[in-house]
Structure formats: C-alpha cells, structure tokens
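*Asks:* need coordinates for the below:
(2 chains, ligands or ions: 1)
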Amino acid sequence: MSAKTLFAKIWDAHQIRQDADGTALLYIDRHLVHEVTSPQAFEGLRLNRRTVRTPEATFAVPDHNVPTRDLAQGIQDPVSRLQVETLENNCREFGIRIFGMGDPRQGVVHVIAPEQGLILPGLTVVCGDSHTATHGAFGTLAFGIGTSEVEHVLATQTLTQKRPKTMRLTLTNTLGPGVTPKDMVLYLIGRIGTAGATGHAIEFAGEAIRALSMEGRMTVCNMAIEAGARAGMVGVDDHTIDYLANRPYAPKGKDWIEAVIHWRHYVSDPGAVFDRELTLDASAIEPQVSWGTSPEMMAPISGQIPDPDTMTDPVRQSSARKALAYMGLQPGTRITDIPIDKVFIGSCTNGRIEDLRAAAQVVKDRKVASSIKLALVVPGSGLVKRQAEEEGLDQIFITAGFEWREPGCSMCLAMNNDVLSPGERCASTSNRNFEGRQGAGSRTHLASPAMAAAAAIHGHFVDVRRL
Amino acid sequence: MEPFKRIESVVVPLDRANVDTDAIIPKQFLKSIQRSGFGPNLFDEWRYLDRGEPGKSCQGRPVNPDFVLNQPRYHGAQILLARDNFGCGSSREHAPWALLDYGFRVLIAPSFADIFFNNCFKNGILPIILDTQTVDRLFREASATPGYRLAVDLPEQAVTTPDGHTLPFQVDPFSKHCLIHGLDDIGLTLEHDKEIRQYESKRRKDYPWVFVPEEASRLGFTG
Ligand code: SF4
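*Replies:* The predicted model follows:
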C-alpha cells in the first residue's frame, strides 16, 4: 500500500460513494450546532417533512448571543433571546443533546466539544462555523459549513464535498520563550496570506508542533481558516491520547483500549506526498500583532507599520491604504507605540485554561493602565471558568482591574452587549480583525493572551519577552 | 431554489480585495431566524452612514453616496464584479442570502473563499472565476461605460461582453446540473439512503466507540 497522508486516511475512510466528476459523499461523525447558523436549517427540515437522521451524532450549544454577565436576568435583547430559544426548541423537537444556558458545561462550541471528549482522532466533524478547523488538532478532519449544509447533515448525516488538496506546513525547531502558539499561527498567516491555503487542508507538522500542548494545537488549527484553508490538522501522538483520557464522551474501558490502538494510525505515513509543502523555522518567530483589517496584515512586536507606498502589488497597496485609514494608523509607527483602549481575552482561539494562565502570569501583581477603558476576560466555557477560579486566576485578573465574565463568544464578534465603540482600539486574543467585527468602527489588533495582557498593563503593546 | 440558466444585466464593480462575510452582512443581522429579508442590509456598513439594526426599516436611512451600490447607474444589477478572495471569513450563509435577496445571481472574481463559494451554489448564485487580467479588464470597462452589461450563459459556460467577446468559465458538472434545474441536494443525497445505511451499520460494528451513547452525558469530567 502506498504511503498516505493523515488527510487521505480520514477522507477515504468516510467516502460512501464518489461521482464520476470526483464529488464525494462523506459520512459525518460529529455535527456541532449553535444558535446563529442553525434556525434556517431546522426550518428547512420542517418544511420538507424531514427528521434529524442521527440525533446522537449531533450536539448543540448556544454561544454567540449569550450575555457574559447578569445571567440570572436571562437575555435582555429580544432578538438574541428568540434565537437561543429557537435552538432550545429545535433540539427538544428533534431529540438533540444541548448544553443549554445554565448548564455548567456551556461555552463556545469549539471550546466545549474537545473539553467534553466529543472530538476523537479519525472522525469527520462539521459545524456551521468556520472555526470548526479547531478540532483538526486531534487528528480529525473538521471543517466549517454553511446553513444549507447544516440542513444536509441533519437530514442525511453526510455531505457532498469536493476533495481538497493537501498542504504540509512543517515548523522546525521550537518557539522561543514568551512566544506562543497564537504567535505561530499569526506569523504563518502573515507569511502565506489569507488566501494562501485556499482549497487545501493543511497538516501542521514538525518539531515545534509536536512540542505544543493540545490547547496550543487547537489555537493553531483554529486559525487555519484565516489562511483560507478548508481544514487544519495535526497527527495523533501521546499529547492527543493523554488529553482524551477520561473525558466524559471519550470511549471507556475496553473501547478505550481498542480506540487508542486505532487512533495511533492517524498520522501521515513516512513518504506520503502532499500537493504543497512549506517549511518554516519556529525559533525565528517573534510575538505578533496585527496592524490592519485582515489577519495577513501582521507585524512582529519589534516591527513597525508598513508603508503602502513601498508595496508593488496594486491590490495589496490599496488594501493596506484602506486598512490604515480605517485603523487610524500611520506608516512607520512602531508596534510598541500603538495605544490601546480596550482589551479582550477570550474566544475559541484563546479562551482555554492555558490561555488564561498565560495572561494571568503577566498580570499577576500588576495593575491595568489607567488609560484602558475596559479589560475583559471571558473564559471559553463554564468548565474553564471553574478551573480558573479553582486556581485563583479570577482573583489575579480582578485585582489587576480586569472584568471576569461568564463564558461565550462575547467581544470576538460582539453579537451580545460586549461591543467596542466606533474608533476604539482593542488588543484582542480573537481571530479576526475585520472592519466592524468587534462593533461598527471598531479597531482590532490580534495578539496572544500574554501580549494582550501586557498591553492592558502598559496601555500600549509591549514585548512580553522583555517583561 | 430558483433554476439558473441565463442572465443579462448591468454589472457592479466592487473594487476591493478580501471582502469578508462580516462586510457582506454585519453580525447584528445574524440574529434573524429567517432566510430572507437580508437584501436591504447587504454591505450595511459601507452602504449607509448610520448603523443598521435588525428589524429596523432601511427606508429613509442616510446612504453613503460614495459606495458603488448606491450609484444610480448600477441599480437593478444582478452581476457583481469583485476582487480576490471574495467571501472570506465567517461561514455565515446569510452572506449569499443577502446577495440573493438584493438581486445578485452572478459573482465574478479571480478567486473566492471556499465555504462562501459552496454556499453560493446552494442558493442559486453562480460564482464565476476568471483570471486576474480578465477581471481587471472587466473592472476597467464596467467603470468606464455607464450601462455596461454582461450576458452569462450557464449551459454554455460563457460570459459575453458588450463588444461580443466570449469568456469561457469552468464550473463543476454536479453544481451546474443542480443550479440549472434548481435541485435541492438533500433530495439527491437521500436517493443514496441504502448506501448511507450500509456504511453506517458497518461503522457501528467496526468502531462502536464513535457513536456516543446517551448515558455518557451523565459521566463527570475527571481529567
Ligand atoms: S469565539 Fe468568535 S470565532 Fe469562535 S465561534 Fe465564537 S464568534 Fe466564532
């Protein structure tokens, strides 16, 4: 048998049939559902008198709209409330398990699914959400879909898909001290661009990836979509298996032993051929900060804002001009001279316990700068929140002047009340710095939890390696 | 889904790269549980000078006269001309819903983001990829010539310019078939129900742990 990539192993094992033109019908093992991209799909089922084919493969959670404080009062915004209630009603009607509001396990869908042990190596996982790529960290094929496809999976437990190409990004050496998985993925996107991996499933490989914890790998895979990739993935190793042991929905007993033997097979075979290969030196990566309105507009903390006049590609040049005008920034400004109004630590990229620990370590025994209007910590899930409180991290944040909130997507996309005002500049651990993402006129700078925490303390970006 | 065969229409040139789905339809409109009605809020932050709210009528809102969609010469356009990586970002299908509701049936760009590209076909929108040089030329011509129209013929896979130039484009046969006939692909997939069932029962036998029993939800987290 010829050497196979991790991607090919999973794809081939899930292909039910293939049409002459190469379109595959893929079996889907896990379907995650949230309130924003699902109501129209359930409505479609009802209109066509269809049912959910495999409710046991489907798990739902409200996250995008949920408030992050005063939960006892429920959701005040009637439109948001209706959307969350619609999810609850749909789950009841179609027999789907839901981690509802008030459930201690509730949180951002991409944080809670791995936490519960729902994401296992070798599975296909989909969700009506582009950051589904997160789950590729487990040697899983996981990708985001649209609402029509959500309906398709609900009705058939399958998807018709074109086979993407494969790309391997090998990161040699290891990250330097103070440099995090977030910096790694921001750097990668800055290097290859937001369309750099369009049409490809990326496998992240190499020594630097092996050295990452599962949480770090999730951060990296999470943002594969920001490089345009269909999916991001990492081969199975001891970190993967150790993470899954004893998770609530992971196999137990004899099943566990059999599963682990099987999971070891979810790595690319030596000699497997990828459509594209790129090798980068992880030890050369510095902490990163975005300066524009696309995640490819990235600079190292030692750098400065680039000058559009020096760009040769006219499309890039005009994008950079528009971005700088929107961001209210001048070419040549040092990254460390960018003043910050607000700080957001959270999201499916960086709302896990290791992220909060990294931020707390920077914050400990320090105070948020007086120029900062709001510094928010929003744990990715109820269980992350509980764990952080057991470790006393909440007190570190609160003492420093941060607000400690309930779990949800929050200011990552500002669908609840956590919104920036026009013109406000935010150091954010989320994944998108698009125009208006954190509120109309909002200005987002993407960074790691440690870098965002340090910006809160100093009122501007600083190099965490120098603290 | 409305079948798609041929369209001839005015073309709107949207001269920006990496137009993301947050820009196509801002998040506050994602709270809707409907599939229609997003057209008036398409490109809301670029199109209007104030902030749009879900459920609020767009009648009488101050429009941004500089935004291309607001220029009278492009009214009624069904074809949108765009730059690289159109539709990147969030997977929200509200983006193609908004484009469709506004009246767009064809998008032309040098490249599209993957999820968005798929979502278009599911909603009767034809995304056409033409090479950068050709798109550049169309941008020049569409901006220079008021009333500039293109004819798009899906069965023939061709775009025709006003001066009679024919630009061929690729489209995968399955998507083309579904679009031309307005087919719902869930119905098509369910024709393979037997194969799906066979696959599923074999998978259950070989890897029982893939399927999560109901009682697992009561186990506490001990890791
Ligand atoms: S945290 Fe942000 S990116 Fe992640 S699922 Fe929520 S809104 Fe999407």
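
*Asks:* of all of chain B, which residue lies closest to the ligand?
*Replies:* Nearest residue of chain B to the ligand, counting by Cβ to the nearest ligand atom: B:Ser90, 7.1 Å away. Where you see a C-beta, it was placed from the backbone N, CA and C, and this is true even at glycine.

*Asks:* now do the contacts for that residue.
*Replies:* A:Asp129, A:Ser130, A:Leu413, A:Arg432, B:Asp20, B:Thr21, B:Asp22 (Cβ atoms under 8 Å, 6 or more residues apart in numbering or on different chains).

*Asks:* pick out the most distant pair among those residues.
*Replies:* Farthest-apart pair in the contacts of B:Ser90 is A:Asp129 and B:Asp20; separation 14.8 Å (Cβ to Cβ).

*Asks:* pLDDT weak spots in chain B?
*Replies:* Within chain B, the segments meeting pLDDT under 70 span B:214-223.

*Asks:* could you pull out the helices for the stretch 1-150 of chain A?
*Replies:* A:6-14, A:39-47, A:78-94, A:109-115, A:147-156 (DSSP state H, counting those that start in this stretch).

*Asks:* any idea how far apart the tips of stretch A:228-246 sit?
*Replies:* 34 Å (Cα to Cα, to the nearest Å).

*Asks:* same question, stretch A:118-134
*Replies:* First-to-last distance for stretch A:118-134 - Cα to Cα - comes to 13 Å.

*Asks:* show me which residues of the longest strand seen in chain B are buried.
*Replies:* Longest among the strand segments of chain B by residue count, using DSSP state E, is strand B:6-13. Neighbour counts using 16 or more other Cβ atoms under 10 Å in any protein chain shown place B:Ile7, B:Ser9, B:Val10, B:Val11, B:Val12, B:Pro13 of strand B:6-13 among the buried residues.

*Asks:* compare A:Asp129 and B:Asp20 (neighbour count), which wins?
*Replies:* A:Asp129 (30 against 24; other Cβ atoms under 10 Å in any protein chain shown).

*Asks:* which strand residues bridge the nearest residue to that one once chain neighbours are set aside?
*Replies:* The shortest distance from A:Asp129 to any non-neighbouring residue, by Cβ to Cβ, 6 or more residues apart in numbering or on different chains, is to A:Gly144 (5.3 Å). Beta-bridge partners for A:Gly144, by DSSP bridges, are A:Cys127.

*Asks:* burial count for A:Gly144?
*Replies:* A:Gly144 has 23 nearby residues by other Cβ under 10 Å.

*Asks:* and residue 117, what does it touch?
*Replies:* Since no chain was named, I'll use chain A. A:Leu244, A:Asn246, A:Arg247, A:Pro248, A:Tyr249, A:Ala250.

*Asks:* actually, chain B is the one I wanted.
*Replies:* Contacts of B:Phe117 (Cβ under 8 Å, 6+ apart): B:Gly87, B:Pro127.

*Asks:* which SS state does it fall under?
*Replies:* helix (DSSP: H, G, I helix; E, B strand; the rest coil).

*Asks:* then the one 10 residues further on?
*Replies:* Using three-state DSSP, the structure places B:Pro127 in strand.

*Asks:* pretty sure it is in contact with B:Ala109, am I right?
*Replies:* Yes - shown here, B:Pro127 and B:Ala109 form a contact pair, counting by Cβ atoms under 8 Å, at 7.3 Å.

*Asks:* now the common contact residues for those two.
*Replies:* With contacts defined as Cβ under 8 Å, 6+ apart, the residues shared by B:Pro127 and B:Ala109 are B:Phe86.

*Asks:* gap between the closest residue to B:Leu190 other than its chain neighbours and A:Thr58?
*Replies:* Computed as Cβ to Cβ, 6+ apart, the closest residue to B:Leu190 that is not its neighbour in sequence is A:Thr156, at 6.2 Å. For A:Thr156, the distance to A:Thr58 (Cβ to Cβ, to the nearest Å) stands at 12 Å.

*Asks:* was I right about the residue nearest to A:Asp129 contacting A:Val126?
*Replies:* Yes - with contact defined as Cβ under 8 Å, A:Gly144 and A:Val126 form a contacting pair (7.4 Å).

*Asks:* related to what we said a few turns ago, buried subset of the contacts of A:Gly117, written for ChimeraX?
*Replies:* Remark: buried members of these, expressed as a ChimeraX selection using 16+ other Cβ under 10 Å:
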select /A:244,247,248,249,250
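
*Asks:* nearest to A:Arg321 among the buried residues of strand B:6-13?
*Replies:* For the buried residues of strand B:6-13, the nearest to A:Arg321 is B:Pro13 (18.1 Å; Cβ to Cβ).

*Asks:* so the closest one bridges to which residues?
*Replies:* Counting by DSSP bridges, B:Pro13 is bridged to B:Leu81.

*Asks:* okay, how far is it across stretch A:267-283, tip to tip?
*Replies:* Termini of stretch A:267-283 sit 24 Å apart (Cα to Cα).

*Asks:* what comes up buried for it?
*Replies:* A:Val267, A:Ser268, A:Ala272, A:Phe274, A:Leu278, A:Leu280, A:Ala282.

*Asks:* contact partners for residue 81?
*Replies:* Picked chain A for this. Counting by Cβ under 8 Å, 6+ apart, A:Arg81 touches A:Gly74, A:Ile75.

*Asks:* oops, chain B please
*Replies:* With Cβ under 8 Å, 6+ apart, B:Leu81 has these contacts: B:Val11, B:Val12, B:Pro13, B:Leu14, B:Ile108, B:Ala109, B:Val135, B:Leu138, B:Phe139, B:Ala142.

*Asks:* need the residues you listed in TSV (columns: distance to the ligand).
*Replies:* Below are these laid out as TSV (distance: Cβ to the nearest ligand atom, whole Å):
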residue	distance to the ligand
B:Val11	33
B:Val12	29
B:Pro13	31
B:Leu14	25
B:Ile108	29
B:Ala109	24
B:Val135	30
B:Leu138	34
B:Phe139	32
B:Ala142	35
